[in-house]
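Undergrad: Okay, sequence plus prediction incoming.
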Amino acid sequence: MNFIEYYDESSFKTNFISNLNKYFDNCQRNSLYQYDNFNTKRRYLNFLNQFENNLFDRTSKKIIEKELIRLENLSSGLGDLFLSKIIEYNDGHKLDKILNMWDESVQNFELSHVEEFIEKNLQNEESKELCNYILKHSPAGSAYFVENSNMKDNTLRISQKVMFNLKYDTEMLCGKNWNRNEANILLIDGYIDSLGEIHHLLQLASENKNPYLIICKGLRDDVKCTVMHNVMRGTIDVLIVSLETNEENVNILNDISSCTNSDIISALKGDTISTSVKKELKIIKGVHVRESGLSFKLSEENSLKVQRQFLINKKNSLNKSDPNFKYLNQRIKNLSSKRVDFYLRNNACKEFKVEIDYFLKFLINGTSGIIRNTKDNKLYTLKDVYIFTNIFKSTINTLDNIGCCLLKEELL
């Protein structure tokens, strides 16, 4: 009994051409996207939206869908371009001629490019207004983070500080934020078991009246009570951040160390708190400690080290199968000294979200350089062009050499 159905190359390609043309014609319409229930004229979304369970759907369309989603995840707008070029190739145009659509000159990324992008590519008035606001107020080289929220209005938080969201014992804050223009910082990879371990530091703090921020992995209650008592008396200005033991805090000390150039005191290296205090401690500026975490300004001397750490973490986070993917993303967010946090209002429409995503990807990738598409006169980033060209060539090669045999649906 034969459970395999074979398709020869000619019949397969005839099926491919006819279905691709039909699907592409349908992509021109403004249709309801079934997964999110919103109307769209985006060709790639309408292409994904169509399914008839025929040979084309079960073979070639899956190949094209995979690359469409991959392109859109990298840079919004490439999906529609990809589909239009697949059609051109299907109509008999040569590959070299199809890809000969880019201006030969690569331009440096400028404000005028972003303004033109907003004007030509965004349709929603709300997203246009917000993108212009981001462009006007966010510092150059910012990292952008978008989150859903339950707020009634869209909210932007622009910061030029390093921020760490921490889970720790907040009792020493006494219900108040700890704000200092500058503070000495001490990082301890361990548990403070007795008052004697920090005696020299407390004595020094009492003498010079300077603020001290200690970050450790736990401390005894009697140590905490003694320090709090002396803080309330005004004899010392010391705050101990005692971290909870959890996955989120595993690498916090390393990340803070990379931002401050401060060594981590560890018994494994033979360090003691007393000897470390005798050395000159690192000073951080613009310190703000609250119940949700801490933030401080990043000095220029630390920027390169933070950037290296940032890139290492980002490389690790590219593996989405990693169970720590979400955690690594949070570390990247912590290590962004120039950042814009954007909180979407709870009833934001899908079109608005798509256009914000489109804009931010252009803003981030634009630093690679700008190239104009001579066919549609739209702007693309150099990174977009490289990605698009490689994926398009690879897909065409696959479709040209595809052979097909399918399991029959009914096994009789």
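TA: Good, I have the coordinates.
Undergrad: rest of the way, CA atoms for contacts and neighbours
TA: Will do.
Undergrad: Could you tell me the per-residue confidence at residue 122?
TA: pLDDT, residue 122: 88.
Undergrad: roughly how far apart are it and residue 48?
TA: In this view, residue 122 and residue 48 are 21 Å apart by CA to CA, to the nearest Å.
Undergrad: for the stretch 1-150 of the chain, which spans come out with low pLDDT?
TA: Residue ranges of the stretch 1-150 of the chain with pLDDT under 70: 1-21, 23-42, 51-58.
Undergrad: pull the longest strand from the protein.
TA: strand 178-188 (DSSP state E).
Undergrad: Dump the C-alpha coordinates for that one into PDB.
TA: Provided in PDB are the C-alpha atoms of strand 178-188 (Å, rounded to 0.1, in the frame of the first residue of the first chain):
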ATOM      1  CA  TRP A 178      17.900  56.700  50.100                       C
ATOM      2  CA  ASN A 179      19.100  59.500  47.800                       C
ATOM      3  CA  ARG A 180      22.700  60.700  47.900                       C
ATOM      4  CA  ASN A 181      24.700  62.900  45.500                       C
ATOM      5  CA  GLU A 182      27.600  60.400  45.900                       C
ATOM      6  CA  ALA A 183      28.400  57.400  48.100                       C
ATOM      7  CA  ASN A 184      31.200  54.900  48.700                       C
ATOM      8  CA  ILE A 185      30.200  51.500  47.500                       C
ATOM      9  CA  LEU A 186      31.200  48.100  48.900                       C
ATOM     10  CA  LEU A 187      30.200  44.800  47.200                       C
ATOM     11  CA  ILE A 188      30.400  41.700  49.300                       C
END
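Undergrad: what about residue 96, helix or strand, and which?
TA: If you go by DSSP states H and E, residue 96 is part of helix 95-98.
Undergrad: Give me the helices and strands touching that helix, please.
TA: If you count contacts as 3 or more CA pairs under 8 Å, 6 or more residues apart in numbering; DSSP states H and E, helix 95-98 packs onto helix 78-90.
Undergrad: list the helices and strands the helix it packs on packs on?
TA: helix 9-27, helix 43-49, helix 60-74, helix 95-98, helix 382-400.
Undergrad: Redo those as CSV? Include mean neighbour count and distance to residue 144.
TA: CSV is the format used below for these (neighbours: other CA atoms under 10 Å; distance: least, CA to CA, whole Å):
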stretch, mean neighbour count, distance to residue 144
helix 9-27, 15, 31
helix 43-49, 22, 25
helix 60-74, 18, 15
helix 95-98, 12, 34
helix 382-400, 15, 18
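Undergrad: Out of those, the one nearest residue 234 is which?
TA: Closest to residue 234 of these is helix 60-74 (CA to CA; 54.3 Å).
Undergrad: residues in contact with the closest one?
TA: With CA atoms under 8 Å, 6 or more residues apart in numbering as the test, helix 60-74 has contacts from 16, 44, 48, 78-79, 82, 361, 384, 387-388, 391, 395, 399.
Undergrad: Quick one: distance of that helix to the chain centre.
TA: Relative to its chain's centre, helix 60-74 lies at 21 Å (CA atoms, centre = their mean, to the nearest Å).
Undergrad: try stretch 246-259
TA: Its chain's C-alpha centre and that of stretch 246-259 lie 19 Å apart, by CA atoms, centre = their mean.
Undergrad: what do you get for stretch 121-130?
TA: On the basis of CA atoms, centre = their mean, stretch 121-130 sits 22 Å off its chain's mean C-alpha point.
Undergrad: what's the answer for stretch 94-110, then?
TA: Distance, centroid of stretch 94-110 to centroid of chain: 28 Å (CA atoms, centre = their mean).
Undergrad: Just to be sure, residue 363 is in a helix?
TA: Yes - under DSSP: H, G, I helix; E, B strand; the rest coil, residue 363 falls within a helix.
Undergrad: What number of residues are in the vicinity of the closest residue to it other than its chain neighbours?
TA: Nearest residue to residue 363 in three dimensions, chain neighbours excluded: residue 114, at 7.3 Å (CA to CA, 6 or more residues apart in numbering). Residue 114 has 19 neighbours, counted by other CA atoms under 10 Å.
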